[in-house]
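Participant: Sequence and computational prediction follow.
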Amino acid sequence: MRALICQAFGPPEDLQLGELPAPTPAKGEVLIDVAAAGVSFADTLMIRDMHQNKHALPFAAGMEVAGRVTALGEGVDGLSVGDRVVALVYDGGYAEQAVAPALETFRIPDGMDYATAAAMCGAYLTSHGALVWQGAVQPGETVLVLGAAGGVGLAAVEVAKALGATVIAAASSAEKLAVAASHGADHCINYSEADLRAEALALTGGNGVNVVYDPVAGDLYEPSFRSLDWGGRYLTIGYAGGAIPKIPANQLLVKNRAALGFALFYYRKRRPDLLAKSAAQLMDWYSTGKIRPLIAERYSLADGPKALRRIMDRQAAGRLVLDIAEA
């Protein structure tokens, strides 16, 4: 089968279009003819051997795929050959076929195309899981989303709105904020021009926000964390901005705040039942128009390195998708 292959760990430009053996589903797995694959920041880490999901070389990257089930491994219940699905995989997404755990494979609604399903998968599961299972966002609360036009950031804007929260979107340009506003953000802060904490406090009457959703960190950690109200929750999602925060315990103590991490990778291993609940909720929200995944750019399999470079350079607003085959 055709695949975009990582022969040696390094930058996206080192990936090569070639062939890998077609996979066979093991016990508890399904085989999927891949129509589309999502491109994420995690994929850029994987090809550089910087992700907790480790691989022996050579391999095809890609951890979220959409397509049609073509074979079932032993013991698979609840899925059938021919089902239209989206799935999380541990690698192999950038290829014509992929195997996925049946517990992490979800049917998609009739009105959802494969590219949209691939765009929605990892980013929206991450944002929903973080905001619901960790952040416990309640209707009427205020959520500050950093990197609000990126893949997981824009998903967080939509998920927080669907949960009934007031959303403050923070991003580095007016163009990115316009995207966040078009997807439901109530307020916007351009943190390349304005004081993030001062703006967040002004928008909340001096009280601060209830939840910070932070996939960026770096220089944005401190002003965002200090924007939390009493009892606020800081959700650390990733470190696209570079430096990993060192959170002082005394700042948790005096304001009764909480710092909570969310990594989809470990929820997959430990709580697939919760991910199934998240997926069901997201599919329902899509069917009723509450969420509208934005596909910013689509690439061929051969142009996958260009898509990964766009993600690494933080140039994309919305999700990037590889169109691989009809399924």
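Facilitator: Received it, and whenever you're ready, just let me know what you need.
Participant: For the rest of this, base every contact and every neighbour count on C-alpha atoms.
Facilitator: OK.
Participant: Check for me that Cys188 belongs to a strand.
Facilitator: Yes: applying DSSP: H, G, I helix; E, B strand; the rest coil, one finds Cys188 inside a strand.
Participant: Contacts only, for the residue nearest to the spatial centre of the chain.
Facilitator: Nearest residue to the geometric centre of the chain (Cα atoms, centre = their mean): Ala123, 1.9 Å. Counting by Cα atoms under 8 Å, 6 or more residues apart in numbering, Ala123 touches 151-152, 155.
Participant: Identify those among the residues you listed that sit within strands.
Facilitator: Nothing among the contacts of Ala123 maps onto strands, per DSSP state E.
Participant: Any chance of a PyMOL selection covering the buried ones in those?
Facilitator: In PyMOL syntax, the buried subset of the contacts of Ala123 is picked out as below (16 or more other Cα atoms under 10 Å):
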select buried, resi 151+152+155
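Participant: Kindly reformat the contacts of Ala123 as a markdown table containing distance to Val137 and pLDDT.
Facilitator: Shown next, in a markdown table, are the contacts of Ala123 (distance: Cα to Cα, whole Å; pLDDT from 0 to 100):
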| residue | distance to Val137 | pLDDT |
| --- | --- | --- |
| Gly151 | 20 | 89 |
| Val152 | 16 | 93 |
| Ala155 | 15 | 96 |
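Participant: The residue nearest to the centre of the chain belongs to a helix?
Facilitator: Yes: counting by three-state DSSP, Ala123 is part of a helix.
Participant: What separation do you get for it and Gly150?
Facilitator: Computed as Cα to Cα, to the nearest Å, the Ala123 to Gly150 distance reads 9 Å.
Participant: do Asp273 as well
Facilitator: Distance, Asp273 to Gly150, using Cα to Cα: 27 Å.
Participant: try Gly241
Facilitator: To Gly150, Gly241 is 12 Å away according to Cα to Cα.
Participant: higher neighbour count, the two?
Facilitator: In this view Gly241 and Gly150 are compared by other Cα atoms under 10 Å, and Gly150 has more residues nearby, 29 against 15.
Participant: Surely that one is in contact with Ala317?
Facilitator: Yes: the pair Gly150 / Ala317 is scored as a contact, 5.1 Å apart, by Cα atoms under 8 Å.
Participant: List the buried residues of stretch 292-307.
Facilitator: Buried residues in stretch 292-307, counted by 16+ other Cα under 10 Å: 292-295, 298-299, 301-305, 307.
Participant: Same check on stretch 152-166?
Facilitator: Across stretch 152-166, burial judged by 16+ other Cα under 10 Å covers 152-163, 165-166.
Participant: In JSON lines: the residues you listed, plus distance to Cys188.
Facilitator: Shown next, in JSON lines, are the buried residues of stretch 152-166 (distance: Cα to Cα, whole Å):
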{"residue": "Val152", "distance to Cys188": "17"}
{"residue": "Gly153", "distance to Cys188": "13"}
{"residue": "Leu154", "distance to Cys188": "13"}
{"residue": "Ala155", "distance to Cys188": "15"}
{"residue": "Ala156", "distance to Cys188": "14"}
{"residue": "Val157", "distance to Cys188": "11"}
{"residue": "Glu158", "distance to Cys188": "14"}
{"residue": "Val159", "distance to Cys188": "16"}
{"residue": "Ala160", "distance to Cys188": "15"}
{"residue": "Lys161", "distance to Cys188": "14"}
{"residue": "Ala162", "distance to Cys188": "18"}
{"residue": "Leu163", "distance to Cys188": "19"}
{"residue": "Ala165", "distance to Cys188": "15"}
{"residue": "Thr166", "distance to Cys188": "11"}
